[in-house]
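**Student:** model this:
(chains A and B)
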Amino acid sequence: EAQVTQNPRYLITVTGKKLTVTCSQNMNHEYMSWYRQDPGLGLRQIYYSMNVEVTDKGDVPEGYKVSRKEKRNFPLILESPSPNQTSLYFCASSLIGGELFFGEGSRLTVL
Amino acid sequence: GESVGLHLPTLSVQEGDNSIINCAYSNSASDYFIWYKQESGKGPQFIIDIRSNMDKRQGQRVTVLLNKTVKHLSLQIAATQPGDSAVYFCAVLKRDSGTYKYIFGTGTRLKVLA
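**Tutor:** Numbering: from 1, shown residues only, chains lettered A, B, ... in the order given. The predicted structure is shown next:
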């Protein structure tokens, strides 16, 4: 089944404790992207990747890192999480210029 | 920069009626548009898309209309059912110097009344 898989789905952590949210897709998509979704603000792009070893900042990259060492994986790293990073996070992938396929989301709470 | 807006944050319709959800975009060079449905606790799901060389595209109970003159996009759902209750939002693909970015509207919550 074609899908985008994110883990963990739910996470409660404390300020400053490094965490990684993994994302994997099995559709051989070149494009991958991370978004955060907050009430009233819609989906805002954090980082995106056009292909392996090619990443770029989206609209709200501060406090986040990404890597794209393999085509299928695009982890989101929070080196020192803060409460304002409490949000619902979505990973998505697509062929270049095609529809985005989304994961089921990762709800992160930073205390 | 590119912006995408939806006209109504909430839309309530009677079961069986048709629903129309609207979206406006700002960049006349945009050439690919997508509608997504997001149910509570789930990721956005693709409904239908349209490219700028078309004005209308139909799927199963859904139709997307594109008016490039006024930069307006709409999603029509025929015979709305309780299972259609969700948040709907449009996405516009922005191309810039070989990179791609999807710009999203904030969403319209569709409530289906029995």
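**Student:** Return the set of buried residues in the strand ranked longest in chain B.
**Tutor:** In terms of residue count, the longest strand belonging to chain B (DSSP state E) is strand B:86-96. By 16 or more other Cβ atoms under 10 Å in any protein chain shown, the buried positions in strand B:86-96 come out as B:86-94. Just so you know, the C-beta spots here come from the backbone N, C-alpha and C atoms, and that holds for glycine as well.
**Student:** What about chain A: which of those touch it?
**Tutor:** B:89, B:91, B:93 (Cβ under 8 Å from any Cβ of the partner chain).
**Student:** what's the closest of these to residue A:31?
**Tutor:** Here the nearest of those to residue A:31, counting by Cβ to Cβ, is residue B:93; it sits at 10.5 Å.
**Student:** Correct me if wrong: the closest one contacts residue B:27.
**Tutor:** No. Counting by Cβ atoms under 8 Å, residue B:93 stays clear of residue B:27, with 10.0 Å between them.
**Student:** So what's the residue count around residue B:59?
**Tutor:** 11 (other Cβ atoms under 10 Å in any protein chain shown).
**Student:** Do you know the pLDDT at it?
**Tutor:** Listed pLDDT for residue B:59 reads 95.
**Student:** who touches residue A:15 in this structure?
**Tutor:** Residues in contact with residue A:15 (Cβ atoms under 8 Å, 6 or more residues apart in numbering or on different chains) are A:80-83, A:110-111.
**Student:** give the contact list for residue B:20.
**Tutor:** B:74-77.
**Student:** at 10 Å instead, please
**Tutor:** B:7-8, B:11, B:13, B:63, B:65, B:74-77, B:108 (Cβ atoms under 10 Å, 6 or more residues apart in numbering or on different chains).
**Student:** Retrieve the pLDDT associated with residue B:1.
**Tutor:** Reading off the model, residue B:1 has pLDDT 62.
**Student:** Same check on residue B:107?
**Tutor:** So residue B:107 comes in at 90 (pLDDT).
**Student:** Report how many residues lie close to it.
**Tutor:** Residues near residue B:107, counting by other Cβ under 10 Å: 24.
**Student:** Surely it touches residue A:38?
**Tutor:** No. Residue B:107 is beyond contact range of residue A:38, at 11.8 Å (criterion: Cβ atoms under 10 Å).
**Student:** With adjacent residues omitted, what lies nearest to residue B:3?
**Tutor:** residue B:26 (4.7 Å; Cβ to Cβ, 6 or more residues apart in numbering or on different chains).
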